[in-house]
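Q: Quick one: sequence plus predicted model below, questions after.
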There are 2 protein chains.
Amino acid sequence: MKPPPLAEDIEAAHARIAPHIHRTPLLTSRSLDHATGASLHFKCENFQKTGSFKVRGATNAVLSLPQDAAAVATHSSGNHAAALAFAARMRRLAAYLVMPETVSMAKKAAVEAYGGMIISCAPTLAAREEAAARVVGETGATLIPPFDDPRVIAGQGTAAVELIADAPAPLDILLVPVGGGGLLAGTLLAASAHAPRAAVIGVEPEAADDAARGFRTRTLQPQVLPVATIADGVTTAMSPMTFEIMCWLAQDIVTVSEAAIAAAMRQIWERLKIIVEPSSALPLAAILEGKVQVEGRRVGLILTAGNVDLERLPWSC
Amino acid sequence: MKPPPLAEDIEAAHARIAPHIHRTPLLTSRSLDHATGASLHFKCENFQKTGSFKVRGATNAVLSLPQDAAAVATHSSGNHAAALAFAARMRRLAAYLVMPETVSMAKKAAVEAYGGMIISCAPTLAAREEAAARVVGETGATLIPPFDDPRVIAGQGTAAVELIADAPAPLDILLVPVGGGGLLAGTLLAASAHAPRAAVIGVEPEAADDAARGFRTRTLQPQVLPVATIADGVTTAMSPMTFEIMCWLAQDIVTVSEAAIAAAMRQIWERLKIIVEPSSALPLAAILEGKVQVEGRRVGLILTAGNVDLERLPWSC
């Protein structure tokens, strides 16, 4: 295993990617503060380029490649694929994206709009890994994994660097969605340097609770399949590297129900008037469901992405 | 008829209301700029307090009342009612809102959350006016009309003052939705002082085209009933005062199809990742439908409000 990144790698990543990404705003809501008794600061990565924080890690990884790199590749069903295609175009590298054939037309169109080349495969992890290995073998592309990579983790940590810097007063709690754990690991490392008194808490769907089980047992856990959650951005299991950083630095990992995710997503849409995808709603869901006590505290919540399918919303319409 | 407001009344309104409202952001979208060949600047009144620009006019009117005023009243099916309840609470005035009994629970709840008292009536203009007159007679409340009032028009004009000031370079075109014409009139007066070379163009649904007919014929026109448009914020006919200012200063009034409104709304949701209601989509709809030529121009578009019913979206889901 490569060594995990250090806080200074996140600083370096931020300097490297800042010219290429948006410094996304923090939003607040008087009505949500009133309802929760807390001071909530929402870091709006839904406004980020490509519509998700994933562009931070992908851009850091791509800009860290040696000069003679010619192509990059990954397998992803969603935001990391678009982020990598975007980052590759910046350096005029070819990008090969292995995507399950079940992925929506909208997600494929986003990747193609950034000039990425899509290789379709069957919707299983084995088929994805096999196709990615074949692409790497045939093209000489460098594999940029979605989270199990120190450059990617360092890039994802830059969102928390900005959140901590832009909050009007020191944050007591940071709430972060957990899928593969790249954002959580980066946030933990960033907070350890920039907000050492803040408690960083990961939030998962009950239906995809590998991180919570792993945190409790201190043993890396597989995801139990099939995963049935509307938060389709966080269905992946953690990797050894993200798991190690979680066990080392996280305050807690909590899980939330599907109903709480849908309700929190709707609150964000209605109160903040912004579009976020279901995974982004996990932190607020943890508060609404009482899984994290926030009364009187200053809380940072990372809204990870906004690439929602507007024709399949988690409420009747 | 009271005299219409002057540009300096808008300045005074801005100074009066600025401490109580949000200075809403301007958003841009590289992909929408690319698609239209223009430089588009979206003034995000969907993020405004109460979720719409209406709070500007209502606040200016309420803060302009004499010290001994005790109550305010209006009739409205939507955003002006919530705005007036909000503004009245600021001065601890009672607010009586006559609303058609067909209005959604969500809209009533918003008014009640600001402490407004709702008087239900039949969903006809005659019933609304009769109920409002009765409320004014019984309570001594001051009637604050939704647009036919110089204080309200001056307040609405403050959105354009901010849009013009915050744009990074002088705007060539301002596109404004037209319902009763309060926002259009305020924008025209603001632009005449702050952006005299900008062309201000009003945009209406084809299905509610009283302003376009009036502009062409130079005669105030009634709305042809029933009005069938998803842009439910702009179904009202203009008043003599807003009509006069339109004829005096507007460059043009254009109309757009229902399909264009829905498509533009969806583009705003997907590209800008923000929630706007259908009326807010009129300016972009005019561009997408080719009703306004914007290539190479800097364009300001006012996104008027974000109070959409998430269970009734104008696309299948």
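A: All right, it came through fine.
Q: wait, isn't A:Gly37 in contact with A:Gly296?
A: Yes: with contact defined as C-beta atoms under 8 Å, A:Gly37 reaches A:Gly296; the gap is 6.5 Å. (Each C-beta comes from the backbone N, C-alpha and C, glycine too.)
Q: List the buried residues in the helix or strand bottoming out on mean pLDDT in chain A.
A: When the helices and strands of chain A are compared on mean pLDDT, DSSP states H and E, helix A:105-113 comes out lowest with a mean of 89. Neighbour-count burial for helix A:105-113 flags A:107-108, A:110-111 (criterion: 16 or more other C-beta atoms under 10 Å in any protein chain shown).
Q: Also stretch A:209-221?
A: Within stretch A:209-221, the residues that count as buried by 16+ other C-beta under 10 Å are A:209-215, A:220-221.
Q: hang on, the earlier thing: between A:Gly37 and A:Gly296, which has more neighbouring residues?
A: Set A:Gly37 next to A:Gly296 and count neighbours by other C-beta atoms under 10 Å in any protein chain shown: A:Gly37 wins out with 12 against 9.
Q: The more buried one: what's it in contact with?
A: Neighbour list for A:Gly37: A:294-296 [criterion: C-beta atoms under 8 Å, 6 or more residues apart in numbering or on different chains].
Q: And the residues you listed, which is closest to A:Trp269?
A: A:Val294 (20.6 Å; C-beta to C-beta).
Q: contacting residues for the closest one?
A: Neighbours of A:Val294 in contact, by C-beta under 8 Å, 6+ apart: A:36-38, A:40, A:173, A:287.
Q: Could you rerun that using 10 Å?
A: When contacts are counted by C-beta atoms under 10 Å, 6 or more residues apart in numbering or on different chains, A:Val294 touches A:36-40, A:172-173, A:175, A:286-287, A:301.
Q: The helix or strand hosting A:Val203: what's the following helix or strand?
A: Per DSSP states H and E, A:Val203 falls inside strand A:199-205. Sequence order places helix A:210-217 as the next helix or strand after strand A:199-205, per DSSP H and E.
Q: what's the offset of that next one from the middle of its chain?
A: 18 Å (C-alpha atoms, centre = their mean, to the nearest Å).
Q: For that helix, give me every contacting residue.
A: Outside helix A:210-217, the residues touching it (C-beta under 10 Å, 6+ apart) are A:178-181, A:184, A:202-206, A:209, A:219-224, A:227, A:234-238, A:242-243, A:246-247, A:250-255.
Q: A:Val72 belongs to a strand, doesn't it?
A: Yes: assigned with DSSP: H, G, I helix; E, B strand; the rest coil, A:Val72 falls within a strand.
Q: ok, back up a step: possible to save the contacts of A:Gly37 as CSV with distance to A:Gln67?
A: As requested, the contacts of A:Gly37 are exported to CSV (distance: C-beta to C-beta, whole Å):
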residue, distance to A:Gln67
A:Val294, 47
A:Glu295, 53
A:Gly296, 52
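Q: can you tell me which of the residues you listed lies nearest to B:Val308?
A: For these, the nearest to B:Val308 is A:Val294 (28.4 Å; C-beta to C-beta).
Q: Give me the buried subset of the contacts of helix A:210-217.
A: Taking 16+ other C-beta under 10 Å as the criterion, what is buried in these is A:178-181, A:184, A:202-205, A:209, A:220-221, A:223, A:227, A:234-238, A:242-243, A:246, A:250-251, A:253-255.
Q: just checking, which of the residues you listed belong to strands?
A: Residues of these located in strands (DSSP state E): A:202-205, A:253-255.
Q: show me where chain A has helices.
A: With helices called from DSSP state H, chain A shows them at A:7-17, A:30-36, A:54-63, A:79-90, A:105-113, A:125-139, A:150-166, A:182-194, A:210-217, A:240-249, A:258-267, A:282-288.
Q: does any bit of stretch A:263-280 sit next to chain B?
A: Yes: Stretch A:263-280 is in contact with chain B by C-beta under 10 Å from any C-beta of the partner chain, via A:266, A:268-277.
Q: Put the buried members of the residues you listed into a ChimeraX selection.
A: Of the residues of stretch A:263-280 next to chain B, the buried ones can be selected in ChimeraX as follows, counting by 16+ other C-beta under 10 Å:
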select /A:266,268,269,270,271,272,273,274,275,276,277
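Q: for the residue of chain A most remote from its centre, what are its contacts?
A: Centroid-distance maximum for chain A: A:Glu138 at 29.4 Å, with C-alpha atoms, centre = their mean. Residues near A:Glu138 by C-beta under 10 Å, 6+ apart: A:73, A:96.
Q: What's the separation between it and A:Ala73?
A: To A:Ala73, A:Glu138 is 10 Å away according to C-beta to C-beta, to the nearest Å.
Q: Assess the claim that A:Ala82 and A:Phe53 are in contact.
A: No: look at A:Ala82 against A:Phe53 with C-beta atoms under 10 Å: they stay out of range, at 11.9 Å.
Q: Need the overlap of contacts for these two.
A: Jointly contacting A:Ala82 and A:Phe53 under the rule C-beta under 10 Å, 6+ apart are A:Ala305.
Q: Just give the closest residue to the residue most central in space within chain A, not the sequence neighbours.
A: Taking C-alpha atoms, centre = their mean, the centroid of chain A lies closest to A:Leu183, which sits 4.9 Å from it. Spatially, and ignoring its direct neighbours in sequence, A:Leu183 is nearest to A:Gln156 (4.6 Å; C-beta to C-beta, 6 or more residues apart in numbering or on different chains).
Q: Perfect, that will be all.
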